[in-house]
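Colleague: Only the shape, not the letters, is given here:
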């Protein structure tokens, strides 16, 4: 009776080869160097923001203040405040607004509204970043002193948008940076749409669907 012998090792070797080629590609194109340089430059700013938030929160409960805003403002006021936040730096945690949406009569409708506002706020941030580059001094600095960094940034701009869309990092800042480095807008629209997935996941958790 004929039988076949499976060869799982062959598949494993193929996968290892793919990962090796991918690693070589990232090393050759400077992706690892780009990410590491970006992290090193971001650490001081992130540390400064964290310290500032900690100091302010020590004397004034920021989260409670934000929750209070969602309680006293009408629905359109909360949505307008959220849109402004998601357009300008996006430092206010969207979870607070998602929790607010969960208390409304139509939570999923409001969640969808928040997701769209966050997405379009990011696109508007891209435009703001693009406008910033029109300032003569900024343009000269970017094109002369930051030419090499801009080249790598444009190459891996998609990674920047995906990280901002999915991870708990300011999506607005990622999109604004994409505008500054002149990353293609159509790609920002595409990669930025992953923002909807994040809001869906947060909604499933905060609304206690499971």
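Modeller: It's in. The structure presented is a predicted model; accordingly, all values stated were derived computationally and were not measured.
Colleague: Once you drop chain neighbours, what's closest to residue 187?
Modeller: residue 158 (5.9 Å; CB to CB, 6 or more residues apart in numbering). Just so you know, the C-beta spots here come from the backbone N, C-alpha and C atoms, and that holds for glycine as well.
Colleague: Check which helices and strands whichever strand or helix holds the one you found sits against.
Modeller: Using DSSP states H and E, residue 158 falls within helix 157-166. Taking 3 or more CB pairs under 8 Å, 6 or more residues apart in numbering; DSSP states H and E as contact, the helices and strands that helix 157-166 lies on are helix 31-59, helix 171-180, helix 185-192, helix 195-206.
Colleague: run the last query once more with 7 Å
Modeller: With contacts taken as 3 or more CB pairs under 7 Å, 6 or more residues apart in numbering; DSSP states H and E, helix 157-166 sits against helix 171-180, helix 185-192, helix 195-206.
Colleague: Other residues contacting it?
Modeller: 169-171, 173-175, 177-178, 181, 183, 187-188, 191-192, 194-195, 197-198 (CB atoms under 7 Å, 6 or more residues apart in numbering).
Colleague: same thing but at 6 Å, please
Modeller: Helix 157-166 is contacted by residues 171, 174, 178, 183, 187-188, 191-192, 194-195, 198 when judged by CB atoms under 6 Å, 6 or more residues apart in numbering.
Colleague: Ok, stretch 98-117 next?
Modeller: In contact with stretch 98-117 (CB under 6 Å, 6+ apart) are residues 70, 82-83, 97, 196, 199, 202-203, 206-207.
Colleague: re earlier: got the buried residues for the helix holding residue 158?
Modeller: 157-161, 163-165 (16 or more other CB atoms under 10 Å).
Colleague: got it, and stretch 195-210?
Modeller: 195, 198-199, 202-203, 206.
Colleague: now do stretch 73-82
Modeller: 78-79, 81-82.
Colleague: Just the ones in helices from those residues, please.
Modeller: Judged by DSSP state H, those include 78-79, 81-82 as members of helices.
Colleague: May I see the ChimeraX selection of the buried members of the contacts of helix 157-166?
Modeller: Applying 16+ other CB under 10 Å to these, the buried members can be selected in ChimeraX as follows:
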select :171,174,178,183,188,191,192,194,195,198
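Colleague: Below-threshold pLDDT in the chain: ranges please.
Modeller: Applying pLDDT under 70 to the chain picks out residues 1-16, 18, 21-43, 45-46, 49-50, 52-63, 138-139, 141-157, 210.
Colleague: if we take the buried residues of stretch 73-82, which one ends up nearest to residue 65?
Modeller: Closest approach to residue 65 among those (CB to CB): residue 81, at 11.7 Å.
Colleague: domain parsing for this structure?
Modeller: Following automatic domain parsing, one finds the domains of the chain at 40-72, 74-210.
Colleague: nearest to residue 17, of those domains?
Modeller: Using CB to CB, the nearest of those to residue 17 is domain 74-210, at 23.1 Å.
Colleague: Now stretch 90-107: buried residues?
Modeller: 90, 92, 94, 96-101, 107.
Colleague: what do you get for stretch 125-135?
Modeller: For stretch 125-135, by 16+ other CB under 10 Å, it's 125-126, 129-130.
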